[in-house]
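A.B. asks: requesting a structural model of the entry that follows:
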Amino acid sequence: MSRIIRCAIYDRVSTDIQVQQGLSLDTQKELLTEYAKEHGYEIVDYYIDEGLTARKKLKNRRDFMRLLDDIKADKIDLVLVTKLDRWFRNVKDYHNIQAILEEHHCNWKTVLEDYDTSTADGQLKINIMLAVAQNESDRTSERIKVVFEHKKRNQEHLNGPIPFGYKNIDKHLQKDEDRRAIVEDIFRYYFTCFSKRATIFYALNTYKEQSPTKYQIDRMLTSEIYAGMRYGRSGFCDPYITPEEHSQILRICQSKIHPATNEPYLFSRMLKCPHCGNTMTGFKNRHKCKDGRITEQKRYRCDKKFVERHSAPCITEHIIEDYLLDHLYPELNRYIYEIEESEKKVSRKKDNSVKIKAELERLNILFQKGRISMEYYDDQYTKLERELEDDQKDNIITVESFASIKKKLTGNWRELYEQLDYAHRKTFWKSIISEIYIDPNTHKLKGFKFLICGCSK
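C.D. replies: Model prediction:
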């Protein structure tokens, strides 16, 4: 009595093939199952990869890898697929997998095509067909990239979920008026506390069922879309915040550290170790006085000093606070004076961004009307984009860059600061200072950097 052949059925279909050719997973499965039954094969299992294109690496095909594991375990004698390109799409993958199949005495067969791996002519035919299929796949990929680039330049929403606060109208994102007030309030609240966690709790508690999820809020506070940008290009959609505010949020998020306790610290992300560059963390230093009282002081230190054994500074919080209060206003005036003197000596380069954007729009219109070729469009668009980037890079810092800080330091600002509670003092410093410098030799404070949107002065 002949041994029953153990058969595995492998299905793979990408969404484009499913739409264009109607070769759905159900269709493939029905054809392969019928073929197996007609030939008396024992179906071990079905291995299905849905919505995966031929460009995906084999390791990213979950069920393909599961099939390969079962072949290595000698559970399968034959793999059935509908066509060669459902199984392989390039010569390299074919030879790598074929070696594994031969080692474990496993064959494969296409039910809609005739391939024979037992002869030299059959092997040659497979190699030729795979080379053709690989070339076709590469050319298709190139065409898709060109189409996607065109859609990007036209500010079209390509994929992914619609961001909260927007709606898709004719493939372009526009503000959703029903949710607009919620989004604007979330950003307003964030810029009063500079805390993602606090903003999430505020939104969930304030808007209940109407609130975006915590994941949507997290994405909202970091996605460039809300600054009107996509793929690094401005003008993608109507913004909720400015690009400078978006950059400010990212800087705060990137430098944010999460201490072991929930104890708040005024300068938790602003101090860096002058020896290793590690962000210094806050801790409470307890001291027993002679009269038996226990005092506590908040201090900052570099945690790596215990590992790297370097001489790291340790600074008390009220010393930092006093230093900043004494130097904040004089330093602001010094920066502004230097900028004013610089503007007198160096003529500012004219901002051509408006002119360049108008030229980009004109180029889009010409291309849409078919008056210029794709090659000319790509060449000119790339040149104008570079000009726009160079123009924006060359814009120097102006006195207006310090306007928001100057506004906070007007009148009797120090008296008002003394009346603030701890949480609002923390918000005050977060909105003004981005980094505090420590002298590596003396371990004393030696300066600080203002938090100016869009620059690092």
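A.B. asks: all contacts plus neighbour counts: C-alpha atoms, from now on.
C.D. replies: Noted.
A.B. asks: so residue 200 touches residue 217, yeah?
C.D. replies: Yes - in this structure, residue 200 sits in contact with residue 217. The criterion is Cα atoms under 8 Å, and the distance is 6.4 Å.
A.B. asks: and residue 438, bridged to which residues?
C.D. replies: The bridge-partner assignment for residue 438, based on DSSP bridges, gives residue 445.
A.B. asks: ok, now which ones touch it?
C.D. replies: Residue 438 makes contact with 271, 272, 273, 274, 444, 445, 446, 447, according to Cα atoms under 8 Å, 6 or more residues apart in numbering.
A.B. asks: can you name every helix or strand that the helix or strand hosting residue 318 contacts?
C.D. replies: Here residue 318, judged by DSSP states H and E, is contained in helix 317-345. Judged by 3 or more Cα pairs under 8 Å, 6 or more residues apart in numbering; DSSP states H and E, the packing partners of helix 317-345 are strand 294-301.
A.B. asks: got the contact list for the strand it packs on?
C.D. replies: Contacts with strand 294-301, where a contact means Cα under 8 Å, 6+ apart, come from 265, 268, 273, 280-289, 312-318.
A.B. asks: any of those buried? List them.
C.D. replies: Burial by neighbour count, 16 or more other Cα atoms under 10 Å: within the contacts of strand 294-301 this picks out 265, 268, 273, 280-283, 312-317.
A.B. asks: hmm, which two among the residues you listed are most spread apart?
C.D. replies: When the buried ones among the contacts of strand 294-301 are compared pair by pair using Cα to Cα, the two farthest from each other are 265 and 312, 19.1 Å apart.
A.B. asks: so which of the buried ones among the contacts of strand 294-301 sit within strands?
C.D. replies: In this view, the buried ones among the contacts of strand 294-301 that belong to strands under DSSP state E are 281, 282, 283, 314, 315, 316.
A.B. asks: which of the residues you listed sits closest to residue 340?
C.D. replies: residue 315 (34.8 Å).
A.B. asks: and stretch 68-79, which residues are buried?
C.D. replies: Taking 16+ other Cα under 10 Å as the neighbour-count basis, stretch 68-79 is seen to contain the buried residues 71, 72, 75, 76, 77, 78, 79.
A.B. asks: now do the contacts for the last one.
C.D. replies: So the one you mean is residue 79. Residues in contact with residue 79 (Cα under 8 Å, 6+ apart) are 7, 8, 9, 10, 106, 107, 108, 109.
A.B. asks: and the first one, by the same measure?
C.D. replies: Applying Cα under 8 Å, 6+ apart to residue 71 gives the contacts 77, 101, 104, 106.
A.B. asks: distance of it from residue 321?
C.D. replies: Look at residue 71 and residue 321: by Cα to Cα, to the nearest Å, they are 67 Å apart.
A.B. asks: please apply the same query to the fifth one.
C.D. replies: Distance of residue 77 to residue 321, computed by Cα to Cα: 75 Å.
A.B. asks: how about the helices of the stretch 1-150 of the chain, start to end?
C.D. replies: With helices called from DSSP state H, counting those that start in this stretch, the stretch 1-150 of the chain shows them at 15-21, 25-38, 62-72, 84-87, 91-103, 120-153.
A.B. asks: mean pLDDT lowest for which of those helices?
C.D. replies: The weakest mean pLDDT among those belongs to helix 15-21, with a mean of 47.
A.B. asks: for the helix or strand containing residue 423, which residues meet the burial criterion?
C.D. replies: Taking DSSP H and E as the definition, one finds residue 423 inside helix 422-430. Neighbour-count burial for helix 422-430, with 16+ other Cα under 10 Å as criterion, is recorded at 425, 426, 427, 428, 429, 430.
A.B. asks: which one of those residues is nearest to residue 377?
C.D. replies: When the buried residues of helix 422-430 are compared for distance to residue 377, the smallest value, 44.9 Å, is given by residue 430; criterion: Cα to Cα.
A.B. asks: what about residue 6, how many residues close to it?
C.D. replies: For residue 6, the tally of surrounding residues (other Cα atoms under 10 Å) stands at 19.
A.B. asks: okay but it is in contact with residue 40, surely?
C.D. replies: No - the pair residue 6 / residue 40 is not scored as a contact, 9.6 Å apart, by Cα under 8 Å.
A.B. asks: CA-only coordinates of stretch 316-328 in CSV, if you can.
C.D. replies: Presented in CSV, the C-alpha positions along stretch 316-328 are these (Å, rounded to 0.1, in the frame of the first residue of the first chain):
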residue,chain,number,x,y,z
THR,A,316,20.3,71.9,45.4
GLU,A,317,17.0,73.1,43.7
HIS,A,318,16.6,76.4,45.5
ILE,A,319,20.2,77.4,44.5
ILE,A,320,19.2,76.8,40.8
GLU,A,321,16.0,78.8,41.3
ASP,A,322,17.8,81.7,42.9
TYR,A,323,20.4,81.8,40.2
LEU,A,324,17.8,81.9,37.4
LEU,A,325,15.7,84.5,39.1
ASP,A,326,18.8,86.8,39.5
HIS,A,327,20.1,86.2,35.9
LEU,A,328,17.0,85.8,33.9
